[in-house]
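Asks: Pasting a predicted model and its sequence here:
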Amino acid sequence: MLQNAILFKLANGWPQSASDLEAAFATEPFQPCSATQQQSTGWVPPRGHDHGALVETISGQWLARFVIETRKVPADAVRKKTKELADAVTRQTGREPGRKELRDLREDAVQALLPQAFPKRTDIPIWIDPDTRVMWIDTSTQSKADELIASLVRHAQSGFGLRALQTTQSPQAAMAAWLSAPLDQDAMPEAFSSGMECELNGCGDEPSVIKFSKHTLQTDQVRQNIAEGKLPTKMALQYQDRIEFVLTDRLIIKKIRFLESAVAGADLPDQEGQDRFDADAALATGELRPMLTDLVAALDGELVEQASP
């Protein structure tokens, strides 16, 4: 199931079928890092089966999986190896290597040490809603999403354009309004309630950060901090007693958790496997689609880019 989401809107030129999308992804399949390769990326079957489909369709929704594998040599090891190589140059030539030569020696050190570095793999599930043309990238780390987007950009000539999902009202402005409302006023949008976590950031040269965790947010303390100029960067929300999540000021959704009222109505098999993959996907997409619709509405609707004259 999805745990986080960075959201994008797809351009009109995207494939109209899952099979067309799979054909595009098949041009960039994942291959593990070679012994001297620092990073490798590509697409793998989302079910985890060798030679499986690269795009699965569950209840009309498209699911895929992107992989980033890296080999990283510790900086201390690189410095030590570089010094050894530099010392060898000094012994052989009677001079110390210059700045450019040191850069080359550092690269030589990295290449020599890479085969000893263990590869680290990160799997990033994605979900594409072909009806709303929204892509959910299951990560809260922008740099990882950027790697996936870079892969899609390489297909740009095929019309794989996309842009970040934006709303008319910024999440930060909305969260500030919700949190600063008087106790006798319910400022939360319909279908949503506040959770037990938020983070407020101050402004200025040395901005302070105040975090509330496992703490009711409808308090004078929270309102006072906002009145003093601190702005919310994160806020926990609950949707219809079915989903908990944390909303950020950049419209990133974190810590998605499906509550008992949502899970109880889903027919989830006890064992992992193909049936569980289908059931998990149907539950996640079925619950999150209306949640996002209502969240965007609570932020005064989607901000649509105007075409250039």
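Replies: It's in. Residues are numbered from 1 along each chain as shown.
Asks: Which residue ranges of the stretch 1-150 of the chain form helices?
Replies: Remark: helices assigned in the stretch 1-150 of the chain by DSSP state H, counting those that start in this stretch are 18-25, 75-93, 99-113, 142-153.
Asks: Alpha carbons only: can I get the second one in PDB?
Replies: It stands for helix 75-93. The C-alpha atoms that make up helix 75-93 are tabulated as PDB, following Å, rounded to 0.1, in the frame of the first residue of the first chain:
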ATOM      1  CA  ALA A  75      33.900   9.500   2.400                       C
ATOM      2  CA  ASP A  76      36.600   8.500   5.000                       C
ATOM      3  CA  ALA A  77      37.600   5.500   2.800                       C
ATOM      4  CA  VAL A  78      37.800   7.800  -0.300                       C
ATOM      5  CA  ARG A  79      40.000  10.300   1.500                       C
ATOM      6  CA  LYS A  80      42.300   7.500   2.800                       C
ATOM      7  CA  LYS A  81      42.600   5.900  -0.600                       C
ATOM      8  CA  THR A  82      43.200   9.300  -2.300                       C
ATOM      9  CA  LYS A  83      46.000  10.000   0.200                       C
ATOM     10  CA  GLU A  84      47.600   6.700  -0.600                       C
ATOM     11  CA  LEU A  85      47.500   7.400  -4.300                       C
ATOM     12  CA  ALA A  86      48.900  10.900  -3.800                       C
ATOM     13  CA  ASP A  87      51.700   9.600  -1.600                       C
ATOM     14  CA  ALA A  88      52.600   7.100  -4.300                       C
ATOM     15  CA  VAL A  89      52.800  10.000  -6.900                       C
ATOM     16  CA  THR A  90      55.100  11.900  -4.500                       C
ATOM     17  CA  ARG A  91      57.400   9.000  -4.000                       C
ATOM     18  CA  GLN A  92      57.600   8.300  -7.800                       C
ATOM     19  CA  THR A  93      58.000  11.900  -9.000                       C
END
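Asks: Export the helices of the stretch 1-150 of the chain as a markdown table, with columns for mean pLDDT.
Replies: Shown next, in a markdown table, are the helices of the stretch 1-150 of the chain (pLDDT from 0 to 100):
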| stretch | mean pLDDT |
| --- | --- |
| helix 18-25 | 92 |
| helix 75-93 | 91 |
| helix 99-113 | 91 |
| helix 142-153 | 91 |
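Asks: Now render those helices as CSV, adding distance to residue 277 and mean neighbour count.
Replies: C-beta coordinates here come from the backbone N, C-alpha and C atoms, glycine included. Formatted as CSV, the helices of the stretch 1-150 of the chain follow (distance: least, Cβ to Cβ, whole Å; neighbours: other Cβ atoms under 10 Å):
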stretch, distance to residue 277, mean neighbour count
helix 18-25, 16, 17
helix 75-93, 39, 13
helix 99-113, 38, 15
helix 142-153, 21, 16
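Asks: can you list these in CSV and add distance to residue 65?
Replies: Converted to CSV, those look like this (distance: least, Cβ to Cβ, whole Å):
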stretch, distance to residue 65
helix 18-25, 10
helix 75-93, 31
helix 99-113, 29
helix 142-153, 10
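Asks: Out of those, which gets nearest to residue 161?
Replies: helix 142-153 (8.7 Å; Cβ to Cβ).
Asks: who's in contact with residue 164?
Replies: 6, 7, 8, 9, 251 (Cβ atoms under 8 Å, 6 or more residues apart in numbering).
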